[in-house]
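Asker: Show me the folded form of this:
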Amino acid sequence: MPNCGNLSQDDFDLLLKWFGPDRDASAKKYLEAHERLTRLFRFNGCNRPEDLADEVMDRIAKKPPALDNPNVHIAVLLGYARNVLREHWRERTLVGEERDINEKPSVAGETAIKEISGRCLDGCLERLGEADRRFVLEYHKYEPGGKITHRKAMAEKRQTTLNALRLKASRLKSLVATCVKRCVHSDGRIGTQ
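Answerer: Numbers count the residues shown, from 1 in each chain. Below you'll find the model as predicted:
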C-alpha cells in the first residue's frame, strides 16, 4: 500500500470519501490512481515518483474538490500532478540539477511504454474504416527525403489538392492520437474507449 504521506487518519478518510461512498471501492480507486500517478511521474523521468504521487494525494486530501461527477477525478488528479511535476523540476533546477530532456525511464519501463503504445496504435488504426486506415498508412509511407514527392503523387492519384490531402491526414491523425492517448491512459485496453 502506498505511503499516505503526511496525512492524519481523518484526512485519509476524507480522501477516500472523495473517491466514493463505499470505503472498499474507494480504497481500490485510490490505489489505482496512486499507481497511475507513479507511472506518470516515472515516465517524466522523476527520481522519486512514489513520493510525488503521495504529494498529490496529500494535497487533494487537505482540500478535496467538491465533485458530484466521479469522472472528473482523473482531470483533478492530473491537474494536481502537473503542478507537483512543475514544482519538482523547479526544485531540481534550483538545487543545481539540470533536467536532461533525453532522460528516459528504466529500460524495463521504456519497453513497457513502447509495448503499450504500439498495441494502442495498432488497435486504434484497426478501429478506422478500411479506406481511412489505408490512407493513413500510405500517407506516412515514403522513402527518406521523398515525403513531398510522395504526397504530391498521392494527391494526383486521388485527383485532389495537396491541401485537401493534408487536411484529411490531419483529421485522421487527430482521431488516432486521441484514441491512442485514451488507450495508453487505460493501460493498453483498447476496448475501453
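Asker: where's Ala153 relative to Asn163, distance?
Answerer: Distance, Ala153 to Asn163, using C-beta to C-beta, to the nearest Å: 15 Å. Placement of C-beta: from N, CA and C, glycine included.
Asker: who has more neighbours, those two?
Answerer: Neighbours per residue, other C-beta atoms under 10 Å: of Ala153 and Asn163, the larger number sits with Ala153, 12 against 9.
Asker: which residues touch the top helix by length along the chain?
Answerer: The longest helix of the chain (DSSP state H) is helix 162-185. Identification of contacts with helix 162-185 by C-beta atoms under 8 Å, 6 or more residues apart in numbering yields 36, 116-117, 119-121, 123-125, 127-128, 132, 135-136, 139, 151-152, 154-155, 158, 189-190, 192-193.
Asker: So which of those residues are in helices?
Answerer: Assigned to helices by DSSP H, the following of the contacts of helix 162-185 qualify: 36, 116-117, 119-121, 123-125, 127, 132, 135-136, 139, 151-152, 154-155.
Asker: What's the PyMOL line that selects buried ones from the residues you listed?
Answerer: Buried residues within those, by 16 or more other C-beta atoms under 10 Å, are selected in PyMOL with:
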select buried, resi 36+116+119+120+121+123+124+125+132+135+136+139+151+154+155
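Asker: What residues sit buried inside stretch 137-156?
Answerer: Using 16+ other C-beta under 10 Å as the test for burial, stretch 137-156 gives Tyr139, Arg151, Met154, Ala155.
Asker: what mean pLDDT does that stretch have?
Answerer: Regarding stretch 137-156, the rounded mean pLDDT is 88.
Asker: Residue numbering should commence at 45 henceforth.
Answerer: Understood, numbering begins at 45; the last thing we discussed is stretch 181-200.
Asker: Quick check: end-to-end length of that stretch?
Answerer: 17 Å (C-alpha to C-alpha, to the nearest Å).
Asker: Using CSV, list the CA coordinates for stretch 119-129.
Answerer: What follows is stretch 119-129, C-alpha atoms only, in CSV (Å, rounded to 0.1, in the frame of the first residue of the first chain):
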residue,chain,number,x,y,z
ALA,A,119,-8.8,15.6,-14.5
VAL,A,120,-8.4,16.8,-10.9
LEU,A,121,-5.6,14.3,-10.2
LEU,A,122,-3.8,15.3,-13.4
GLY,A,123,-4.1,19.0,-12.6
TYR,A,124,-2.5,18.5,-9.2
ALA,A,125,0.1,16.1,-10.7
ARG,A,126,1.0,18.8,-13.3
ASN,A,127,1.6,21.3,-10.6
VAL,A,128,3.6,18.9,-8.5
LEU,A,129,5.7,18.0,-11.5
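Asker: buried stuff in it?
Answerer: Neighbour-count burial for stretch 119-129, counted by 16+ other C-beta under 10 Å, picks out Leu121, Leu122, Tyr124, Ala125, Val128, Leu129.
Asker: ok, the fourth one touching Glu99?
Answerer: Think Ala125. No: counting by C-beta atoms under 8 Å, Ala125 stays clear of Glu99, with 9.2 Å between them.
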